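1. Below is the sequence, then the predicted model.
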Amino acid sequence: MSRIQLIRAQQPLRAAFHAPTLLWRSSPRLAAAHHNGETTTGTGHLSPRQWKSTSSSKQRFAPGKSEQYPPAPYKPPEPRVSPLPPKTKVPKPIPAEDGARERGRQLPIPYYLALPAAFIVVTLVVVNIRSFQDPKPSSIAYANREEMLRAAAEVAAAIGVDKVSYDEDVLDHHGHSEWSTSNTPVRAVAIAYPRSTDDVVAIAKICNARSVPMVPYGAGSSVEGNFSQPYSGICIDFTHMDRIIAFRPDDMDVTVQPGVNWMDLNSRIAESGLFFPMDPSPTATVGGMVSTNCSGTNAMRYGTMKDWVVNLTVVLADGSVVKTRRRPRKTSAGYNLTSLFVGSEGTLGIVTEMTLKLAPIPADTSVAVVSLPTIAAAATAASALIRSGIPLAALELMDDVQMRFLNEHGSEAVRARTWVEAPTLFLKFSGTTDGIRSDARRSGEIVRAVAGNIPFHFAKTKKDERDLWAARKEALFTMVNNRPPGTEIWSTDVAVPLSRLAEIIDISKRECGALGIFASVVGHVGDGNFHVAMMYDPKDEVIKGKVGEVVHNMMERALEMEGTVSGEHAIGIGKKECLLDELGEGTIGIMQTLKRSVDPKWIMNPGKVFDIPADMKKA
């Protein structure tokens, strides 16, 4: 409701407040007093103005010798007749017999009409206020295909014909992911390639006017159908918005467009001695990283994406542009809108610029690996390492199935050594060279205390370090690139409290093993997050159903352990029901209300995170 609307709505309310002033004048004594110039209130007390003129704070609160203590209860003075201005004619006294008639002319509201009058005033207030409230859309109606194509043509005219594609192969590439089983058969009608915030504003205004869904697209490496287009629309690809807008090494921050790849960013600023510490998939762009609140192997030491975003420039559904905050490292000014948009998957707005914090590049880094007999032993060792206080940069786990797969299908660097096909911990250290050696020595002692006298391999050279860590970073890529033709990989993740990690991994592995298919576990055990990847034939409906059941059981188990259904992949279309189980209808309802407030037509990446509310679906 606007300010003007609110003022108009309050006018009947003001009348209601003044109604008692009119009603008390119907009292014979008070009406006569009012006619004679007396300015008492309805209770006979002085008005606020009289109080100010007749008693000062000094008189009332500065006791003198003659005043008694404690003071006597306050007795209001008798009402005074207000002085008349000069040359004012004193009205003639009203004869007693004419008083009633005179009072009737002053206020034609007898006592028996007071209550109905008050009821009418209150009713008018309620109706008037409700009439100015912003109506909630009763239904969502998206444009049909012809209208969407017309909108795409308008977008091409606005940002450039060469910045819009209708090619079928391009549409398929942007609507389907080899990384995910959460795909839909629907495709966007066009792909737009903006170069600036102004281009995105133009796209948003056109799509909003025509009720066309907008779906942002980064690198396409998300795994929960985050960029699928269940309602068609226009897909917005940020490939060409890949500029570093401002790099401020003295402030240790950088402002970039969403199409910047995080590895490219680090290579371009490396000479400054700074880096951006998030490390998800090597193909990921910062726009998608913000959208999903990603993390990666460095999360144990550096946290998740939300911890490294200073501010965002966001284009809303109607084409308006907001900046979530300014650029200090800390602020307590107003709502934390930055965190609202981080992880919202483009459902609230499209991020076109982001300022990111940077960290000093560690003086040195190294890696160690250790194989353990069981998942339980690996989880126990990981817990002991975390509680030791050793400042590990990363602590990762890969199970025996994954290690065997790397021996068979890993890159040349990975297959240069023969890996023990057992649950394996990967430890990353950072700091000074001497500090790393000390931390590695202590880590080896802790692991051996838990699991006995087992080999603890510490990288001796930088090449050795790169080759050891490559095994961890290539895990998912190796599976995707070497899966048999016609098969799919269902990759998902959960996160639980550290003390429950071994239990949930062990149960999940047993369920996966019972299916008789390839199923591996890769985990960020340093923060209780792990991934399961299962390879299966989608044409086998029985196996496909059992795989889905295993995933569902894993989600339920994580919630029973006070965990979450998504540690770093976000929700997309693949985990909407699970999110409802995790948060409940009340919390989801608040999220839907937030979306409705900034996207009333529900055109920003619709169908992700939660469904369109039933009361907004078109009948």
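-> Received it, and whenever you're ready, just let me know what you need.

2. could you pull out the strands for the stretch 201-350 of the chain?
-> Using DSSP state E, counting those that start in this stretch, the strands of the stretch 201-350 of the chain run over residues 214-217, 234-237, 244-248, 253-256, 274-275, 309-315, 321-323, 350-357.

3. partner strands of the fifth one, parallel or antiparallel?
-> This means strand 274-275. Its sheet considered, strand 274-275 pairs with strand 359-360 (antiparallel) by DSSP bridges.

4. which residues are in contact with whichever helix or strand comes after the partner strand?
-> Once strand 359-360 ends, the next helix or strand along the chain (criterion: DSSP states H and E) is strand 364-371. For strand 364-371, the surrounding residues in contact (Cβ atoms under 8 Å, 6 or more residues apart in numbering) are 381, 393, 403, 419-420, 422-433, 436, 440, 443-444, 447, 454-459, 465, 468-469, 471. All C-beta spots, glycine's among them, are computed from the backbone N, C-alpha and C.

5. for the record, mean pLDDT for strand 364-371?
-> For strand 364-371, mean pLDDT is 97.

6. and what of stretch 278-298?
-> 95.

7. Okay, buried residues for that stretch please.
-> Judged by neighbour count (16 or more other Cβ atoms under 10 Å), stretch 278-298 contains these buried residues: 278-281, 284-298.

8. Ok, stretch 540-556 next?
-> Applying 16+ other Cβ under 10 Å to stretch 540-556 flags 543, 544, 546, 547, 550, 551, 554, 555 as buried.

9. now, among the residues you listed, which is nearest to residue 587?
-> Using Cβ to Cβ, residue 555 is the member of these that lies nearest residue 587, at 16.8 Å.

10. For the stretch 101-250 of the chain, which segments count as helices?
-> 114-132, 145-159, 168-175, 197-210 (DSSP state H, counting those that start in this stretch).

11. hmm, back to that, okay, and which of the buried residues of stretch 278-298 map to helices?
-> 286, 287, 288, 289, 290, 291, 292 (DSSP state H).

12. farthest pair in those residues?
-> Across these (Cβ to Cβ), the longest gap, 11.1 Å, separates 286 and 292.

13. on that earlier part again, can you tell me which of the ones in helices among the buried residues of stretch 278-298 lies closest to residue 531?
-> Of these, the one sitting nearest to residue 531 (Cβ to Cβ) turns out to be residue 292, at 14.1 Å.

14. State the distance from the closest one to residue 387.
-> 30 Å (Cβ to Cβ, to the nearest Å).

15. Equivalent analysis for residue 587, please.
-> 32 Å.

16. swap in residue 177?
-> For residue 177, the distance to residue 387 - Cβ to Cβ - is 38 Å.

17. Which of those two has more residues huddled nearby?
-> The neighbour comparison of residue 177 against residue 387 (other Cβ atoms under 10 Å) goes to residue 177, with 20 against 10.

18. That one contacts residue 184, doesn't it?
-> No: at 10.7 Å, residue 177 does not count as touching residue 184 under the criterion of Cβ atoms under 8 Å.

19. which residues are common contacts for the two?
-> 225, 228.

20. Read off the pLDDT value for the nearest residue to residue 256 once chain neighbours are set aside.
-> Of all residues not flanking residue 256 in the chain, residue 244 sits nearest, at 5.3 Å (Cβ to Cβ, 6 or more residues apart in numbering). If you check residue 244, the pLDDT there is 99.

21. For residue 329, see how far away residue 244 is.
-> 20 Å.

22. cool, and residue 354?
-> For residue 354 relative to residue 329 (Cβ to Cβ), the value is 15 Å.

23. The two: who's more crowded?
-> residue 354 (28 against 9).

24. And the residue nearest to that one when sequence neighbours are not counted, how far from residue 263?
-> Leaving aside its sequence neighbours, residue 354 sits nearest to residue 312 (Cβ to Cβ, 6+ apart; 5.2 Å). Separation of residue 312 from residue 263 (Cβ to Cβ): 21 Å.

25. the more surrounded of those two?
-> residue 312 (23 against 14).

26. Test my guess that the more buried one contacts residue 353.
-> Yes: counting by Cβ under 8 Å, residue 353 is a contact partner of residue 312 at 7.1 Å.

27. circling back: out of the contacts of strand 364-371, which are inside strands?
-> 424, 425, 426, 427, 428, 429, 430, 431, 456, 457, 458 (DSSP state E).

28. And the pLDDT for the third one?
-> In other words, residue 426. In this prediction residue 426 is given a pLDDT of 98.

29. picking that back up, figure out which of the strands of the stretch 201-350 of the chain is closest to residue 599.
-> strand 214-217 (9.7 Å).

30. From the contact counts, what lies against the closest one?
-> Applying 3 or more Cβ pairs under 8 Å, 6 or more residues apart in numbering; DSSP states H and E, one finds that strand 214-217 contacts helix 197-210, strand 234-237.

31. The first one vs strand 309-315, what angle?
-> Relative orientation of helix 197-210 with respect to strand 309-315: 50 degrees, computed using axes from the mean of the first three to the mean of the last three Cα atoms, to 10 degrees.

32. Okay, buried residues for helix 197-210 please.
-> So for helix 197-210, counting by 16+ other Cβ under 10 Å, buried means 197, 199, 200, 201, 202, 203, 204, 205, 206, 207, 208, 210.

33. For the last one, give its distance to residue 542.
-> Computed with Cβ to Cβ, the distance linking residue 210 and residue 542 is 44 Å.

34. Against which helices or strands is the helix or strand where residue 552 lies packed?
-> In the assignment (DSSP H and E), residue 552 maps to helix 541-560. If you count contacts as 3+ Cβ pairs under 8 Å, 6+ apart, helix 541-560 packs onto strand 488-495, helix 501-513, strand 529-536, helix 576-598.

35. what number of residues lie near residue 258?
-> 28.

36. Might one say that it is in contact with residue 219?
-> No: between residue 258 and residue 219 there is no contact under Cβ under 8 Å: 10.3 Å.

37. got any residues that touch both of the two?
-> 285, 288.

38. so what's the most centrally placed residue in the chain scoring on pLDDT?
-> For the chain, the residue nearest the mean C-alpha position is residue 340 (3.6 Å; Cα atoms, centre = their mean). Listed pLDDT for residue 340 reads 98.

39. can you pull the contacts of residue 154?
-> 206, 210.

40. mind redoing it with 10 Å?
-> Applying Cβ atoms under 10 Å, 6 or more residues apart in numbering, we find residue 154 in contact with 164, 202, 203, 205, 206, 207, 209, 210, 212.

41. Tell me the one of the residues you listed nearest residue 322?
-> residue 205 (15.0 Å).

42. Please name the nearest non-neighbouring residue to that closest one.
-> Per Cβ to Cβ, 6+ apart, closest to residue 205 is residue 319, 3.7 Å.

43. Show the pLDDT at residue 501.
-> 92.

44. Low-confidence ranges, the stretch 51-200 of the chain, go.
-> 51-138 (pLDDT under 70).
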